[in-house]
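> heads up, no residue letters with this:
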């Protein structure tokens, strides 16, 4: 699987996540897909955080929300990927 393939289907992944867990969707809808190495998908939130001021939104990306995103990726893409955030 390539990063381009994941990017092409990313809106489908987010749609699936929103149907299953809207709060998790809110934590990831503005993620930028940076790289895919093996089964590790790296997400960046640099663009989202430039307007956050002193707020730390990384705390909102809880392990259970990451697990929900990984489940949606598996459901849509048919592959298990591990989410790495920066």
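Cool, the structure landed. Keep in mind that this is a model prediction, so the values were computed, not measured. Numbers count the residues shown, from 1 in each chain.
> could you check how far the most centrally placed residue in the chain is from residue 4?
By Cα atoms, centre = their mean, the chain has its centre lying nearest to residue 28, at 4.8 Å. Distance, residue 28 to residue 4, using Cβ to Cβ, to the nearest Å: 19 Å. For glycine as for every other residue, the C-beta is placed from the backbone atoms N, C-alpha and C.
> where do the strands sit along the chain?
All strands of the chain, identified by DSSP state E, fall at 32-37, 40-44, 82-85.
> partners of the first one, with directions?
Read that as strand 32-37. strand 40-44 (antiparallel) (DSSP bridges).
> now the strand it pairs with: buried residues?
41, 42, 43 (16 or more other Cβ atoms under 10 Å).
> I'd guessed the last one sits against residue 82; true?
No. Because the distance of 11.0 Å does not satisfy Cβ atoms under 8 Å, residue 43 is recorded as not touching residue 82.
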